Each structure stands twice: as C-alpha cells, then as structure tokens.
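> I would like the atomic coordinates for the input below:
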Amino acid sequence: MRVFLFSLILMLAACSEQEPTQESVANADATEIQSDTAITETARLNDWFDEQYAQQLDFSPQTKTRLGDKSGYYSLNDYSVAGSDEQLAWRRQSVAAMIADFDYALLNEDGQLSYDMWSYSLDRAEAAVPFRAHAYIFGRGGPHASLPNFLINYHRVDDASDIEAYLSRLGELDRVFGELLDRARSASSSGIRQPAFAYDFAMTEIDRVTSGVPFNTNDSSPNSPIWTDIQGKIEALVASDLISSDQAQEYIAQAQEILAGEVMSSYQEILDWLEQDKAFASETSQGVWALPDGENYYNYRLAQMTTLAFTADEIHEIGLAEVERLHRSMEEIKDAVNFEGSLQDFFVFMREDERFYFPNTDEGRQDYLDLNNDYLDAITLKLPDYFGRLPKAQLEVRRVESFREQAGAAQHYASGTPDGSRPG
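Numbering: from 1, shown residues only. Sure, this is the predicted structure:
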C-alpha cells in the first residue's frame, strides 16, 4: 500500500512538472512583446510631451522665470484676448497631433494617464472660453500688485544683462496694464463687475505700490518697495564688481524714468477707471450667480475646482456636515482644557486673548517668522521617514511686501525652482 501511494505521488509530481505547452510559451512571448511595446511607445510619448511643454512655456516668459529659466527674460506675458486665442489654438492642434500620432492602446498605464490629462487640459481650456470676462482682473491681489511682486521675488539679477532685462520688463508694464484694462472695460460693459469694496481694495493696493520714491518725489517720502528692490539688486552687482558705479547710475536713472513716467501713468489710468466704474458696482457682494450667465459660470467654476459631478447643493450639504463634525471635535478640545462657556465663547477667547499673539511690531513679526522656520527645520528632518522622493528646493516663511501686507489676510505659497536654486 505504501509503495502504491509513493508511486501515485511521483506520478502526480511528474504531471505537475510537464514541459510548457507551445501555446503557453506563445502567450508569454506575446505578453513580453506587448510590455516592451508599451514601454517604447510611452517613452516616445513622454519625449513628445517634453517638446510640447517647451512650446507651451514660450507663451509665458513669466512661468519660465519662476522655473529658473532666463530665456524670455526681457518680456512679460501677452495678456490680450488675441494672445489667449493663440494659446487655445496651439493647445487644440497639440491634442489633435497626439491623437493622430499615438495609439492609446499601446501605452502603459502611466502613458495613458498622461494622454488623458493632456486631453483633459484642452477640455478645461475650451470650457473656460465663454467665461473669460467673468474673472475680476483689477481686484484684490490683481496684476497691479502681482506684477511688482513678480519682479521683486522672481526676477533674479546675477549680471548686467539681468538688470537690463528687469528694465525691459518695467518698460512692458504699460503694455500689459493696457491689455488688461481693455479686458476689464469690456467685462464691465457686459455687466460683469466686482462688488464696490473690491474696487476700494484694489485702489488701496495701487496707492501702496506707488507710494514713495520714485513715484512720489517728495524728499520725505520713503522708497517704494519696487524702487528698494531695484536699488538693492543694482548695488549687489556693484559690490560684486560686475558693473561699475557709473553703469549703476545709468541703470538707476533708466529705472527712475520708466517708473515715474509710463508706469505711473498706467497706474493712474487704472485708478481713474476703478473710481469711475465703481459707481456702477453693487455695494454688497451678491456672488457670481448674480452676474450675466452667473449660474452657468458658478457651475463651471465648481467643476473646475472639484473635478467632481456634484451639484452645488450636494457640495453645500457636504460642507454643512463637515462643519458639524469639526464643531464636535472643537467641543471636545474646549472640554479638555476646562473652558467654561459656549463654543462661540471659546472662539472669541482664542481669537482675542493676547497670550495667543506675538506683539504687533516688527520684532514680533520677526519672532513669528523665526518660530515658523524653526518648525519647518524640524519637519524637514522628519520628511525622509515618510517620503521617498523629496523636493530639491527648500521652504521658507517670509513676510510679504508692504503693499500686500494686511491684517488677517490669506497666506500665499510660491513654488521654488525645480533645480532648488530658489526656495519655495
């Protein structure tokens, strides 16, 4: 009996170790060939995307600057409607070329995702066309403030050609402001206006940008933020023996002439329009639904920001549920610290008690920044414990420029360069 069982086991083992069939070998070879094809085709698609991205960047010299690329350093973006049309036409032909040149079925999973994303980016651009005029251009943090911020924080000056590029960009501000003002006027004529308080905010920002030298030549006026930046960058070139003192004075004179002349005139034109157009604006904020075609614009923005097929009411219900959940958690914290009073009382206590604030002085602000950067240093040491791929660029917390500084304002993040030469 034992001999029989042993023989049976050997027979079964032999059956399980049969030579692979011709069909199984063919299937394995086909799978390997298919995998190799997918890798090759996806690599070809990725090379094509690199070319497309380089072409796309040509539409935005400012994005190039943010990435640390100095090509197009003498120019600012084209903000005209014609420029937007040109970009959209390019995107259309790019997606059409992708569809014609690449077989979706031959790509691997990553390649198909990239293919889908490129098509989706065109869908988003097409969906935005009917609502181009709905964005409030000269509102809070608009180009009147963001462009000086761009020049101060992103336009790096390493040699004489860089300061010449800076001056060239200063000279482009009137062109850019003119293009944007044309669009703002067109939107207003269509009944698309921000609430009155946003006009006031924009005018206050412009006053902050243009206060001081060289916009105001009063001897007691301080330097404007952009003037301080220009002088500092030129002085650094002199200190590094990259330009002479005479060259520095020439650059200073050119910058002063551009800022006090055409740039100030452009700002004044925007101010005049804001003051005039404010008379037609609503005194209270009604929401974008009150704009012409506002409901469709609202739903468009909802889809753009969430990428989900939820209605506004559904998202509102999610928000209400989240508020309720958070309030329950806050009640637990209130009880844990033995606070006597309602949750609203607790909010007031947290918001108004001086123990939770740094002094409202330059020293207090610096202490706050130092504390935040200490936290960042500690977090940075822990990142390798949780993440495999780490950013090359460091991260810093900085005080915003004086013309953007305000109590209780939203915070901002600006990415660093891919090579890590400028921190986030």
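
> what about stretch 260-277, distance to the chain center?
Centroid separation for stretch 260-277 versus its chain: 27 Å, with Cα atoms, centre = their mean, to the nearest Å.

> How about residues contacting it?
Under the criterion Cβ atoms under 8 Å, 6 or more residues apart in numbering, residues 138, 144, 170-171, 173-174, 177-178, 181, 184-185, 188, 193, 199, 202-203, 206, 209-210, 214-215, 217 lie in contact with stretch 260-277. Every C-beta, even on glycine, is put in place using the N, C-alpha and C of the backbone.

> roughly how far apart are the spatially closest residue to Gly178 that is not a sequence neighbour and Arg365?
Once flanking residues are discounted, Gly178 sits nearest to Ser266: 7.0 Å by Cβ to Cβ, 6 or more residues apart in numbering. The spacing between Ser266 and Arg365, counted by Cβ to Cβ, to the nearest Å, is 32 Å.

> again, but for Leu45
In terms of Cβ to Cβ, Leu45 sits 49 Å off from Arg365.

> For the two, indicate the residue with more neighbours.
Taking other Cβ atoms under 10 Å, Leu45 and Arg365 do not tie; Leu45 has more neighbours (24 against 14).

> What's the first helix or strand after the host helix or strand of that one?
Element membership for Leu45, per DSSP states H and E: helix 22-57. Using DSSP H and E, the helix or strand that directly follows helix 22-57 along the chain is helix 61-66.

> Show me what counts as buried in that following helix.
By neighbour count with 16 or more other Cβ atoms under 10 Å, helix 61-66 contains the buried residues Pro61, Gln62, Lys64, Thr65, Arg66.

> How about the contacts made by the second one?
Contacts were defined as Cβ under 8 Å, 6+ apart; by that measure Gln62 touches Leu76, Asn77, Phe150, Tyr154.

> Could you check the pLDDT of the nearest residue to the first one once chain neighbours are set aside?
So that's Leu76. Using Cβ to Cβ, 6+ apart and skipping residues adjacent in sequence, the residue nearest Leu76 is Glu172, 4.5 Å away. pLDDT for Glu172: 97.

> Likewise for the one 10 residues further on?
With respect to pLDDT, Asp182 has a value of 97.

> In the helix or strand hosting it, which residues are buried?
When secondary structure is defined by DSSP H and E, Asp182 falls within helix 160-189. Residues 160, 162-163, 165-167, 169-177, 179-181, 183-184, 187-188 are the ones in helix 160-189 that count as buried (16+ other Cβ under 10 Å).

> go on, stretch 52-71?
52, 56, 59-62, 64-70.

> Now the residue most central in space within the chain: closest residue in space, sequence neighbours ignored.
The residue lying closest to the centre of the chain (Cα atoms, centre = their mean) is Ala414, at 6.8 Å. Nearest non-adjacent residue to Ala414, counting by Cβ to Cβ, 6+ apart: Gly424, 6.5 Å away.

> Could you report the separation of that neighbour from His412?
Gly424 is 11 Å from His412, by Cβ to Cβ.

> higher neighbour count, these two?
Comparing Gly424 with His412 by other Cβ under 10 Å, the one with more neighbours is Gly424, at 13 against 10.

> Surely the more buried one and Leu395 touch.
Yes - counting by Cβ atoms under 8 Å, Leu395 is a contact partner of Gly424 at 4.7 Å.

> Buried residues of the strand or helix carrying Asp246, list them for me.
Asp246 belongs to helix 245-258 when elements are defined using DSSP H and E. Neighbour counts over helix 245-258 (16+ other Cβ under 10 Å) mark Ala248, Tyr251, Ile252, Gln254, Ala255, Gln256, Ile258 as buried.

> do the same with stretch 130-150
131, 133-140, 142-145, 147-150.

> Can you tell me which of the residues you listed end up in helices?
Pro143, His144, Ala145, Leu147, Pro148, Asn149, Phe150 (DSSP state H).
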